[in-house]
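Requesting a structural model of the entry that follows:
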Amino acid sequence: MPPRATKCGVNAVSGGLHEERGTCYDHGMTIDVIDLRNFYSSRLGTVARRLINRGIRARWSDAPRQRVLGVGYCTPYLGLFREDAERCLAFMPAKQGVMKWPTARPSLSALVDEFDLPLADASVDRLLLVHALEVSDDPPELLREMWRVLAPSGRMIIVLPNRRGPWARADTTPFGQGRPYSRSQLTNLLRETWFTPSAWSEALHLPPIRYGWFLRSAIAWERFGSAIASPFAGVHIVEATKQVYRPIAVRRERRRLIPVMEPVLVPTTSPRDKI
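You can find the predicted model right below:
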(Lines give C-alpha, C1' and ligand atoms only; values in the text may rest on other atoms or scores of the structure.)
Protein backbone atom coordinates (compact mmCIF):
# COMPACT_ATOMS: atom_id res chain seq x y z
CA MET A 1 0.00 0.00 0.00
CA PRO A 2 1.42 3.47 -0.80
CA PRO A 3 2.07 5.73 2.16
CA ARG A 4 -0.70 8.19 2.88
CA ALA A 5 -0.79 11.35 4.90
CA THR A 6 -1.97 10.90 8.46
CA LYS A 7 -2.95 13.45 11.06
CA CYS A 8 -0.41 14.00 13.82
CA GLY A 9 -1.04 15.50 17.19
CA VAL A 10 1.13 18.20 18.71
CA ASN A 11 2.96 15.71 20.92
CA ALA A 12 3.14 12.93 18.33
CA VAL A 13 6.18 10.69 18.50
CA SER A 14 7.97 10.55 15.12
CA GLY A 15 8.79 6.91 14.70
CA GLY A 16 9.77 7.15 11.04
CA LEU A 17 7.16 9.88 10.46
CA HIS A 18 7.71 13.61 10.05
CA GLU A 19 5.24 16.22 11.19
CA GLU A 20 4.42 19.33 9.16
CA ARG A 21 1.34 21.29 10.12
CA GLY A 22 -0.72 18.25 10.95
CA THR A 23 0.47 16.04 8.07
CA CYS A 24 2.99 13.22 8.33
CA TYR A 25 5.03 11.55 5.61
CA ASP A 26 6.82 8.26 5.95
CA HIS A 27 10.02 7.11 4.27
CA GLY A 28 8.38 5.00 1.55
CA MET A 29 9.41 5.21 -2.07
CA THR A 30 5.92 6.20 -3.21
CA ILE A 31 4.30 9.62 -2.87
CA ASP A 32 0.55 9.53 -2.56
CA VAL A 33 -1.41 11.77 -4.90
CA ILE A 34 -3.29 13.26 -1.93
CA ASP A 35 -0.01 14.36 -0.32
CA LEU A 36 1.11 15.92 -3.60
CA ARG A 37 -2.14 17.81 -4.01
CA ASN A 38 -1.95 19.09 -0.43
CA PHE A 39 1.64 20.24 -0.87
CA TYR A 40 0.92 22.24 -4.02
CA SER A 41 -2.11 23.76 -2.31
CA SER A 42 0.10 25.14 0.48
CA ARG A 43 2.01 28.44 0.33
CA LEU A 44 5.38 26.69 0.03
CA GLY A 45 4.06 24.46 -2.75
CA THR A 46 2.67 27.45 -4.64
CA VAL A 47 6.07 29.18 -4.52
CA ALA A 48 7.84 25.98 -5.58
CA ARG A 49 5.48 25.56 -8.54
CA ARG A 50 6.09 29.13 -9.73
CA LEU A 51 9.87 28.84 -9.50
CA ILE A 52 9.99 25.48 -11.30
CA ASN A 53 7.59 26.79 -13.95
CA ARG A 54 10.06 29.61 -14.63
CA GLY A 55 12.77 27.03 -15.34
CA ILE A 56 10.51 24.95 -17.59
CA ARG A 57 9.28 28.00 -19.48
CA ALA A 58 12.88 29.07 -20.14
CA ARG A 59 13.32 25.85 -22.18
CA TRP A 60 9.83 25.45 -23.59
CA SER A 61 8.11 28.80 -23.95
CA ASP A 62 5.16 27.20 -25.72
CA ALA A 63 4.16 24.02 -27.51
CA PRO A 64 2.21 24.97 -30.67
CA ARG A 65 0.59 21.93 -32.30
CA GLN A 66 2.72 19.59 -30.19
CA ARG A 67 1.71 16.40 -28.41
CA VAL A 68 2.68 16.93 -24.76
CA LEU A 69 2.73 14.18 -22.13
CA GLY A 70 3.35 14.51 -18.40
CA VAL A 71 4.34 11.44 -16.37
CA GLY A 72 4.29 11.43 -12.58
CA TYR A 73 2.54 14.36 -10.94
CA CYS A 74 2.85 17.03 -13.63
CA THR A 75 -0.51 18.78 -13.46
CA PRO A 76 0.88 21.89 -11.67
CA TYR A 77 3.15 22.40 -14.71
CA LEU A 78 1.16 21.17 -17.70
CA GLY A 79 -0.99 24.28 -17.64
CA LEU A 80 1.85 26.04 -19.48
CA PHE A 81 1.09 24.02 -22.63
CA ARG A 82 -2.55 22.97 -22.38
CA GLU A 83 -3.98 25.88 -24.40
CA ASP A 84 -1.70 25.81 -27.45
CA ALA A 85 -0.70 22.13 -27.59
CA GLU A 86 -2.38 19.78 -30.04
CA ARG A 87 -2.85 17.29 -27.21
CA CYS A 88 -1.88 17.44 -23.54
CA LEU A 89 -2.15 14.38 -21.28
CA ALA A 90 -1.23 13.61 -17.67
CA PHE A 91 -0.29 10.01 -16.86
CA MET A 92 -0.02 9.14 -13.18
CA PRO A 93 1.59 5.89 -11.93
CA ALA A 94 -0.79 3.33 -10.49
CA LYS A 95 0.96 3.14 -7.12
CA GLN A 96 0.71 6.92 -6.73
CA GLY A 97 -2.96 7.31 -7.58
CA VAL A 98 -4.75 9.60 -9.98
CA MET A 99 -6.75 12.82 -9.75
CA LYS A 100 -9.01 14.45 -12.31
CA TRP A 101 -7.30 17.15 -14.32
CA PRO A 102 -8.35 19.75 -15.23
CA THR A 103 -11.08 20.03 -12.65
CA ALA A 104 -13.56 22.12 -14.65
CA ARG A 105 -13.07 20.45 -18.06
CA PRO A 106 -13.14 16.95 -19.51
CA SER A 107 -10.47 14.86 -17.85
CA LEU A 108 -7.03 14.61 -19.48
CA SER A 109 -5.46 12.44 -16.76
CA ALA A 110 -5.20 8.65 -16.55
CA LEU A 111 -3.92 5.97 -14.20
CA VAL A 112 -1.22 3.93 -15.96
CA ASP A 113 1.56 1.45 -15.55
CA GLU A 114 4.61 3.68 -15.98
CA PHE A 115 6.59 0.79 -17.52
CA ASP A 116 3.92 0.08 -20.15
CA LEU A 117 2.27 3.28 -21.32
CA PRO A 118 -0.86 2.91 -23.47
CA LEU A 119 0.74 4.80 -26.37
CA ALA A 120 2.22 3.85 -29.71
CA ASP A 121 5.92 4.16 -30.44
CA ALA A 122 7.19 7.68 -31.20
CA SER A 123 3.78 9.24 -30.46
CA VAL A 124 4.84 12.13 -28.17
CA ASP A 125 6.65 15.36 -29.13
CA ARG A 126 7.41 16.65 -25.64
CA LEU A 127 7.60 14.72 -22.40
CA LEU A 128 7.69 16.08 -18.85
CA LEU A 129 8.74 13.97 -15.84
CA VAL A 130 8.01 15.34 -12.37
CA HIS A 131 7.82 13.28 -9.15
CA ALA A 132 8.42 10.13 -11.17
CA LEU A 133 12.05 9.15 -11.65
CA GLU A 134 13.18 9.55 -8.03
CA VAL A 135 10.43 7.26 -6.70
CA SER A 136 10.50 4.69 -9.49
CA ASP A 137 11.26 1.07 -8.64
CA ASP A 138 13.32 0.76 -11.84
CA PRO A 139 14.59 4.15 -13.16
CA PRO A 140 16.39 2.72 -16.24
CA GLU A 141 13.30 0.79 -17.31
CA LEU A 142 11.15 3.89 -16.82
CA LEU A 143 13.43 5.99 -19.03
CA ARG A 144 13.52 3.30 -21.71
CA GLU A 145 9.72 3.41 -21.82
CA MET A 146 9.94 7.21 -22.20
CA TRP A 147 12.41 6.64 -25.05
CA ARG A 148 9.92 4.35 -26.76
CA VAL A 149 7.00 6.81 -26.81
CA LEU A 150 9.09 9.91 -27.59
CA ALA A 151 9.34 10.96 -31.23
CA PRO A 152 12.79 10.99 -32.89
CA SER A 153 12.82 14.81 -32.84
CA GLY A 154 11.14 14.98 -29.42
CA ARG A 155 12.46 16.52 -26.22
CA MET A 156 12.10 15.56 -22.58
CA ILE A 157 12.42 17.64 -19.40
CA ILE A 158 13.04 15.97 -16.04
CA VAL A 159 12.54 17.79 -12.76
CA LEU A 160 14.51 15.86 -10.15
CA PRO A 161 15.65 16.54 -6.55
CA ASN A 162 19.26 17.66 -6.27
CA ARG A 163 21.33 15.39 -4.04
CA ARG A 164 23.21 18.35 -2.54
CA GLY A 165 20.21 20.57 -1.96
CA PRO A 166 18.37 21.07 1.34
CA TRP A 167 15.06 20.15 -0.28
CA ALA A 168 16.25 16.54 -0.64
CA ARG A 169 16.68 16.42 3.15
CA ALA A 170 13.30 17.93 3.96
CA ASP A 171 10.96 14.96 4.35
CA THR A 172 8.00 17.31 4.73
CA THR A 173 8.01 18.07 0.98
CA PRO A 174 7.63 15.68 -1.98
CA PHE A 175 11.17 16.58 -3.10
CA GLY A 176 12.50 14.88 0.02
CA GLN A 177 11.05 11.51 -0.98
CA GLY A 178 12.77 8.84 -3.04
CA ARG A 179 16.32 9.00 -4.43
CA PRO A 180 17.88 12.40 -5.18
CA TYR A 181 20.50 12.59 -7.92
CA SER A 182 23.69 14.52 -8.55
CA ARG A 183 24.36 15.94 -12.00
CA SER A 184 26.88 13.23 -12.85
CA GLN A 185 24.55 10.44 -11.69
CA LEU A 186 21.70 11.75 -13.81
CA THR A 187 23.98 12.21 -16.83
CA ASN A 188 25.16 8.60 -16.61
CA LEU A 189 21.59 7.34 -16.22
CA LEU A 190 20.40 9.28 -19.27
CA ARG A 191 23.25 8.05 -21.44
CA GLU A 192 22.65 4.50 -20.29
CA THR A 193 19.04 4.75 -21.42
CA TRP A 194 19.79 6.32 -24.85
CA PHE A 195 19.24 10.01 -24.06
CA THR A 196 21.60 12.95 -24.49
CA PRO A 197 21.40 15.81 -21.94
CA SER A 198 21.17 19.05 -23.92
CA ALA A 199 20.50 21.76 -21.31
CA TRP A 200 20.75 22.11 -17.53
CA SER A 201 19.32 24.53 -15.02
CA GLU A 202 18.39 24.55 -11.35
CA ALA A 203 15.52 25.89 -9.28
CA LEU A 204 14.46 26.22 -5.62
CA HIS A 205 17.51 28.04 -4.29
CA LEU A 206 15.52 29.16 -1.26
CA PRO A 207 15.42 26.81 1.76
CA PRO A 208 12.22 24.78 2.28
CA ILE A 209 10.97 27.00 5.10
CA ARG A 210 7.33 28.03 5.34
CA TYR A 211 7.89 31.36 7.07
CA GLY A 212 6.36 34.30 5.25
CA TRP A 213 9.60 36.28 4.92
CA PHE A 214 11.39 33.46 3.10
CA LEU A 215 8.46 32.94 0.75
CA ARG A 216 8.17 36.65 -0.06
CA SER A 217 11.88 36.80 -0.92
CA ALA A 218 11.82 33.69 -3.15
CA ILE A 219 12.68 35.59 -6.35
CA ALA A 220 15.67 37.21 -4.66
CA TRP A 221 16.89 33.77 -3.55
CA GLU A 222 16.54 32.46 -7.10
CA ARG A 223 18.43 35.36 -8.64
CA PHE A 224 21.23 35.14 -6.11
CA GLY A 225 21.57 31.36 -6.43
CA SER A 226 21.60 31.54 -10.23
CA ALA A 227 24.15 34.38 -10.23
CA ILE A 228 26.68 32.45 -8.14
CA ALA A 229 25.83 29.08 -9.77
CA SER A 230 25.06 27.59 -6.37
CA PRO A 231 25.35 23.77 -6.29
CA PHE A 232 22.77 23.60 -3.48
CA ALA A 233 19.60 24.24 -5.48
CA GLY A 234 16.58 22.12 -4.65
CA VAL A 235 15.96 20.53 -8.04
CA HIS A 236 17.63 19.87 -11.37
CA ILE A 237 15.75 20.83 -14.53
CA VAL A 238 17.41 18.92 -17.35
CA GLU A 239 16.37 18.77 -20.98
CA ALA A 240 17.33 15.64 -22.93
CA THR A 241 16.98 14.49 -26.52
CA LYS A 242 16.44 11.01 -27.83
CA GLN A 243 19.36 9.14 -29.36
CA VAL A 244 17.89 7.71 -32.54
CA TYR A 245 21.15 6.18 -33.75
CA ARG A 246 22.50 4.81 -30.52
CA PRO A 247 25.75 2.82 -30.31
CA ILE A 248 25.40 -0.94 -30.18
CA ALA A 249 28.00 -3.09 -28.52
CA VAL A 250 29.65 -5.42 -31.02
CA ARG A 251 30.86 -8.79 -29.89
CA ARG A 252 33.80 -10.39 -31.59
CA GLU A 253 33.33 -13.95 -32.63
CA ARG A 254 35.67 -16.15 -30.71
CA ARG A 255 37.93 -18.15 -32.97
CA ARG A 256 38.53 -21.74 -32.19
CA LEU A 257 42.10 -22.82 -32.73
CA ILE A 258 42.40 -26.18 -34.49
CA PRO A 259 45.82 -27.81 -34.24
CA VAL A 260 47.54 -28.41 -37.53
CA MET A 261 48.31 -32.07 -38.12
CA GLU A 262 51.78 -32.62 -39.52
CA PRO A 263 52.12 -35.38 -42.18
CA VAL A 264 53.47 -38.67 -40.90
CA LEU A 265 55.34 -41.22 -43.03
CA VAL A 266 53.24 -44.37 -43.37
CA PRO A 267 55.12 -47.59 -44.25
CA THR A 268 54.05 -49.21 -47.48
CA THR A 269 53.95 -52.93 -48.20
CA SER A 270 56.15 -54.46 -50.88
CA PRO A 271 55.20 -57.36 -53.16
CA ARG A 272 57.45 -59.67 -51.17
CA ASP A 273 55.51 -58.89 -47.97
CA LYS A 274 52.32 -60.11 -49.62
CA ILE A 275 53.83 -63.60 -50.36
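
use CA for all of it now, contacts and neighbours both
OK.

tell me what the helix or strand harbouring Leu129 is packed against?
For Leu129, the host element (DSSP states H and E) is strand 124-130. Where contact means 3 or more CA pairs under 8 Å, 6 or more residues apart in numbering; DSSP states H and E, strand 124-130 is packed against strand 67-72, strand 150-161.

tilt between it and strand 67-72?
Interaxial angle, strand 124-130 versus strand 67-72 (axes from the mean of the first three to the mean of the last three CA atoms, to 10 degrees): 20 degrees.

Strand 124-130: how far from the chain's middle?
10 Å (CA atoms, centre = their mean, to the nearest Å).

what comes into contact with that strand?
With contact meaning CA atoms under 8 Å, 6 or more residues apart in numbering, strand 124-130 is reached by 66-74, 146, 149-151, 153-160.

Could you turn the buried ones of these into a ChimeraX selection?
Remark: buried members of the contacts of strand 124-130, expressed as a ChimeraX selection using 16 or more other CA atoms under 10 Å:
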select :66,67,68,69,70,71,72,73,74,146,149,150,151,154,155,156,157,158,159,160
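
that older thread, okay, the helices and strands packed on strand 124-130 in JSON lines with mean pLDDT next?
Formatted as JSON lines, the helices and strands packed on strand 124-130 follow (pLDDT from 0 to 100):
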{"stretch": "strand 67-72", "mean pLDDT": "97"}
{"stretch": "strand 150-161", "mean pLDDT": "95"}
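
As CSV, the ones you listed with distance to Ser184 would be great.
Shown next, in CSV, are the helices and strands packed on strand 124-130 (distance: least, CA to CA, whole Å):
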stretch, distance to Ser184
strand 67-72, 23
strand 150-161, 13
